Structure formats: C-alpha cells, structure tokens
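K.L.:
Return atomic coordinates for the entry below.
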Amino acid sequence: MVASLRESADDNDRLDFEKFVNTVLYSPEYGYYSRERARVGRRDETDFYTAQSLGSIFGQLIVESCDNLLGKENLGKYTFVEIGAEPESSVLQGVDHSFVDTRTICIGDEIVIPAEAIVFANEWLDAQPFRRFRFDKKKGWVERGVEIVDGISVREIDLPETSPDAANYLEKFPVEVEEGYLLDLPTGAVKALRNLCMQRWTGLFLTLDYGLNLRQFLEERPKGVARAYRRHRLSGNLLAHLGNQDITCHICWDALRNILEESGFSEIFQERQEAFFFHNAKNVIQKIITTKPNTFDKNRQTLLEILHPGNMGTKFQAFGGVRGKTA
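P.N.:
Take a look at the predicted model:
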C-alpha cells in the first residue's frame, strides 16, 4: 500500500487527502474496496453494517418509496440502478417489484445510466475522497496532506502549498475560527454526483446517507468529520491499517442540492430516514407492525432498527429529486 501511495505522491512523497483516500480505498490491487473480502455485516470479521445488510425489509421500503415519489408514473418503464452495492448483493434481493429491469453497479465499476432510470445509492457518497484543511491563526486556512516517511510509514502534515483547485474552496471559508479547526470537505461526493447528473437520463435519484449542511461543517465540527471503521469500531486515526479499514466523510447537503438544481431536478427532498419512510412507505410499515402482534417478530425488529431515532432513524437522511423529460 505504501508503494501505491508513492505512485500518487509528488517528488517529495507528499499527497493531499483526496489522493490519499482515493488510493487507500480504491487502488486496484490493495485498496479497501478493491480487494475481495467481507466488509459489511454483523460478523466479527466485518467492519460495519448498513440497513441494506439487515435483510429484505429495507428493499421493500425503498420500492414503495419509489412508487410514491414518482406519483402516477408507471414503475414498469424504469430501470432500477443501484450504485455502490457490495459484490453479489442488491437491495432488491428477495423483494417483489415491477421495474422493467435492474442493474447493480459495484464500487469501482463504470457508471452508465439508461435513459429512464431510478438511481439509488445507500452510503455511496460518504465513501468518496475528500480534502482536509486546518485553520492556523498566522497562516489562515492551510491544506492538510500525508507524507511518506522513509518509504515505510505515513504521517499527516500541513502541505507547503495549496493546490490551485483547492484554493478556490478557501475563498468560501470563514476568515476567523478557532485555532486548529479541522475541515473535511467532501469534494469527492460532489464530483461523483455531478458526473452522475451529467449523463442524459430522466427519472428519480434517491440516496440514503449521513451528512451536514455547510454551516455545520464550518461551525460545529472542530475536529473534522472524517472517520475510520474497522471491526465495528469507530476511529479518528485515518492513517492506521492502510487498505484494511474503511474511511468515510459526511457529505454536504447544500452542495449536493445545488448540483440537482443545476441539473434540472425538481421536487428535491431531504429528510431524516425515519420520517422519509413514514411518509413514503406506509403500507410496508403497517403490514409489518400489524403482523403477529404481541409476539417477537424478526421483521418488526429489523424495522425498528431502520426507523427508530435511537438507531438509524435520525443518523441517516434521505436525499434526492425527480428529473423529467423537459429538463
């Protein structure tokens, strides 16, 4: 992995965080998401679990939500495209639906969207690279990066120069915050969504993920928002276990909303996961709740985990919009 990092580094063995994260997560041979290994699930050898890994209940909620969001549109004319799925898995496994076709795009695969599509992603954008900045009372905002030491280890540093594209971001940052304030800017999520929307397709975009608005990034998270996951444990050490731990970064809702608006999307929505499903998947919820009352039911327990504010209900938000033929 260190050798892979050196290939992406400059002549002084330094990388900005965007290059560093892209390498440790996606390098073809050693990247965390490129290697064949168990990542998702509740087993001891996995690193994290998602709503999708809990079974078909999540898929049922997604299907009914798509039906409601598209109103009277016939789902039978849309191809359901899932982005960021784990190999050999799909949110629609074991779920009845009326889509004309389905496509599953794993992380690292080429993303090609058909003309009429429902594009769905669960925790895809938070797995994209990001930039890191630190506020210095004397220097102002400086870009953070990673330096390879003696060809065998890495350490986090202030980069001596800020790249030209990163300098554009600095103009929008506050000129005075507390010393050492860390800002993890989800630039990769913005690029990924913009590339997706540049393709000429109509239909629905729906993602479930965790994120913040720009004000929260700049005012409420002085230690940054990037985190690592390994064996179901959260860590702030992004440089440990290179290629053997997941690295995530909150996404910025303001930036993503701007992209949808600029790309011709309307009916743009953003709400907590539990509220989104209560508004758009009432029939599935009611059926599960009223089945086998007063007894333990596995499906009801799964639903509770997806919806309850103490579990995933408020941690994740639903975001997306609809793009019609006139866009």
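K.L.:
Going by C-alpha atoms from here, please, whenever you check contacts or count neighbours.
P.N.:
Fine.
K.L.:
Leaving out chain neighbours, which residue sits closest to residue 127?
P.N.:
Sequence neighbours aside, residue 248 is the residue nearest to residue 127 in space, at 5.1 Å (criterion: Cα to Cα, 6 or more residues apart in numbering).
K.L.:
Now that that neighbour has come up, it's in contact with residue 224, right?
P.N.:
No: shown here, residue 248 and residue 224 do not form a contact pair, counting by Cα atoms under 8 Å, at 11.4 Å.
K.L.:
related to what we said a few turns ago, in the sheet, who's paired with the residue nearest to residue 127?
P.N.:
For residue 248, the beta-bridge partners are residue 227 (DSSP bridges).
K.L.:
Now do the top strand by length along the chain: which elements does it pack against?
P.N.:
Using DSSP state E to define each element, the chain has its longest strand at strand 140-149. For strand 140-149, the elements it packs on are helix 2-8, strand 14-16, helix 17-26, strand 131-136, strand 153-158, judged by 3 or more Cα pairs under 8 Å, 6 or more residues apart in numbering; DSSP states H and E.
K.L.:
How about residues contacting the longest one?
P.N.:
Under the criterion Cα atoms under 8 Å, 6 or more residues apart in numbering, residues 1, 4-5, 8, 30-34, 108, 128-132, 144-146, 187-188, 242-243, 246-247 lie in contact with helix 17-26.
K.L.:
same thing with the second one?
P.N.:
Strand 14-16 is contacted by residues 8-9, 131-132, 143-148, 159 when judged by Cα under 8 Å, 6+ apart.
K.L.:
swap in the first one?
P.N.:
Residues external to helix 2-8 that are found in contact with it (Cα under 8 Å, 6+ apart): 13, 15, 19-20, 23-24, 27, 148, 151-154.
K.L.:
May I see those arranged in TSV, with distance to residue 263 as well?
P.N.:
Supplementary listing: the contacts of helix 2-8 in TSV, determined by distance: Cα to Cα, whole Å:
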residue	distance to residue 263
13	38
15	32
19	27
20	30
23	29
24	31
27	30
148	40
151	44
152	44
153	43
154	40
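K.L.:
Now that we have the residues you listed, which of them are buried?
P.N.:
With neighbours counted by 16 or more other Cα atoms under 10 Å, the contacts of helix 2-8 contain buried members at 13, 15, 19-20, 23-24, 27, 148, 154.
K.L.:
what about the residue lying closest to residue 100 once chain neighbours are set aside, neighbour count?
P.N.:
Leaving aside its chain neighbours, residue 100 sits nearest to residue 76 (4.8 Å; criterion: Cα to Cα, 6+ apart). By the criterion of other Cα atoms under 10 Å, residue 76 has 12 neighbours.
K.L.:
same check, this time on residue 234
P.N.:
Other residues near residue 234 come to 14 when the count uses other Cα under 10 Å.
K.L.:
cool, and the one 10 residues further on?
P.N.:
By the other Cα under 10 Å criterion, the neighbourhood of residue 244 contains 21 residues.
K.L.:
Next, the contact list for it, please.
P.N.:
32, 230.
K.L.:
could you check the distance from it over to residue 287?
P.N.:
Going from residue 244 to residue 287 by Cα to Cα, to the nearest Å gives 41 Å.
K.L.:
Residue 203 now?
P.N.:
Residue 203 is 28 Å from residue 287, by Cα to Cα.
K.L.:
Compare these two (neighbour count), which wins?
P.N.:
More crowded of residue 203 and residue 287, by other Cα under 10 Å: residue 203, with 22 against 11.
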